[in-house]
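Q: below is the sequence, then the predicted model.
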Amino acid sequence: MDSTVMLRFLNRSLFRKLKVPSLPTGRITHRKTAYLSTEVPDARIVKLYRSFSTVTITYIEPNGEETEVEAEIGKNVLDIAQDNNIELEGACGGELACATCHVVFEKDLYDNLPEKEEEEEDMLDLAFELTETSRLGCQIKVREDFSGTTVRIPDDGF
């Protein structure tokens, strides 16, 4: 069965590591996107596609500057910000031991996020500019429904 999907990848060696039977055909664009057309069962292609899918989200920094980024699904909001040189501290390295990755979500998206754990609630008590839609960026993994959303980074008081 021949299937074609669009995958985001770093280089051709990724396909060798994943043991895909043939290298991608088609052309590689400046966004490191290629079309893969190979004899791979559909379930495997879907798994590969999902593991490299991205959505566009916009970070709004305390000074009002907006930065639109491609966020990899499954990665947390803190890591995506840091990967894109957006100032979101994460002093504890995402170990749920501080509130320096505090972010504010849009109400619609916030209502669909997983419930906060008690530890996250405790850490948020230490955050500046706490709102009803505040969460810790290290605890929120990007999903497909994040597409087009904004994430506001509150002023840390300094």
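A: It's in.

Q: show me where pLDDT drops low in this protein?
A: The model of the chain has pLDDT under 70 over residues 1-52, 157-158.

Q: show me where it has its strands.
A: Assignment of strands within the chain using DSSP state E yields the ranges 3-8, 33-38, 54-60, 66-72, 102-105, 134-136, 150-152.

Q: quick one: the fourth one to strand 54-60, angle?
A: Read it as strand 66-72. Orientation check (axes from the mean of the first three to the mean of the last three Cα atoms, to 10 degrees): strand 66-72 against strand 54-60 gives 150 degrees.

Q: and strand 66-72, what's buried?
A: Of the residues in strand 66-72, Thr67, Val69, Ala71, Glu72 count as buried by neighbour count, 16 or more other Cβ atoms under 10 Å. Placement of C-beta: from N, CA and C, glycine included.

Q: rebuild these as TSV, extending it with distance to Glu89.
A: What follows is these, written out as TSV (distance: Cβ to Cβ, whole Å):
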residue	distance to Glu89
Thr67	16
Val69	17
Ala71	18
Glu72	21
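
Q: neighbours of the nearest residue to Val55 once chain neighbours are set aside, how many?
A: Sequence neighbours aside, Ser147 is the residue nearest to Val55 in space, at 3.9 Å (criterion: Cβ to Cβ, 6 or more residues apart in numbering). The local packing of Ser147 (other Cβ atoms under 10 Å) involves 13 other residues.

Q: mind listing what Ser147 touches?
A: For Ser147, the set of contacting residues under the criterion of Cβ atoms under 8 Å, 6 or more residues apart in numbering consists of Val55, Thr56, Ile57.

Q: just Val142 next, same as before
A: Val55, Ile57, Ala71, Glu72, Ile73, Gly74, Lys75, Asn76, Val77, Ile80.

Q: so can I have a markdown table of these showing distance to Arg152?
A: Listed next are the contacts of Val142 as a markdown table, based on distance: Cβ to Cβ, whole Å:
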| residue | distance to Arg152 |
| --- | --- |
| Val55 | 17 |
| Ile57 | 11 |
| Ala71 | 15 |
| Glu72 | 21 |
| Ile73 | 21 |
| Gly74 | 22 |
| Lys75 | 19 |
| Asn76 | 16 |
| Val77 | 11 |
| Ile80 | 14 |
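
Q: who wins for most neighbours among the residues you listed?
A: For the contacts of Val142, the largest neighbour count, defined by other Cβ under 10 Å, is 28 neighbours, found at Ala71.

Q: pretty sure that one contacts Thr58?
A: No - at 9.9 Å, Ala71 does not count as touching Thr58 under the criterion of Cβ atoms under 8 Å.
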